[in-house]
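Chemist: curious how this folds, go ahead:
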Amino acid sequence: MKTIKHSLHFETVLDENEPTVQRLLALPENEQVEILEAMLLDLVAPELEPIIKKLNEGNSYATLKVVA
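Modeler: The predicted structure follows:
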């Protein structure tokens, strides 16, 4: 089997006046990205599972997966 890795890019727009955002922005950029990606994965992946399962039903040639 051949695997093709692809990516979707998300952008988070933040209100810099919010205290939580200010704490996030005080962190190094790589940590900001790690936190946001982890949150996105935790929140979105479970919602995508039923959709992906439906997309994969009956497909014998390709299977879509969410990977971290």
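Chemist: with just CA atoms, put stretch 40-54 into PDB.
Modeler: Taking Å, rounded to 0.1, in the frame of the first residue of the first chain, the C-alpha atoms of stretch 40-54 are listed here in PDB:
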ATOM      1  CA  LEU A  40      -7.700  21.600  17.300                       C
ATOM      2  CA  LEU A  41      -6.900  17.900  17.100                       C
ATOM      3  CA  ASP A  42      -8.700  17.200  20.400                       C
ATOM      4  CA  LEU A  43     -11.800  19.200  19.300                       C
ATOM      5  CA  VAL A  44     -12.100  18.500  15.600                       C
ATOM      6  CA  ALA A  45     -10.800  14.900  15.200                       C
ATOM      7  CA  PRO A  46     -13.700  13.300  17.200                       C
ATOM      8  CA  GLU A  47     -16.200  15.200  15.100                       C
ATOM      9  CA  LEU A  48     -14.500  14.100  11.900                       C
ATOM     10  CA  GLU A  49     -14.500  10.400  12.800                       C
ATOM     11  CA  PRO A  50     -18.100   9.700  11.700                       C
ATOM     12  CA  ILE A  51     -17.700  11.700   8.500                       C
ATOM     13  CA  ILE A  52     -14.500   9.900   7.600                       C
ATOM     14  CA  LYS A  53     -16.000   6.600   8.400                       C
ATOM     15  CA  LYS A  54     -18.900   7.400   6.000                       C
END
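Chemist: let me see the mean pLDDT of it.
Modeler: For stretch 40-54, mean pLDDT rounds to 90.
Chemist: same deal with stretch 58-68?
Modeler: pLDDT averaged over stretch 58-68 gives 83.
Chemist: secondary structure class for Thr20?
Modeler: helix (DSSP: H, G, I helix; E, B strand; the rest coil).
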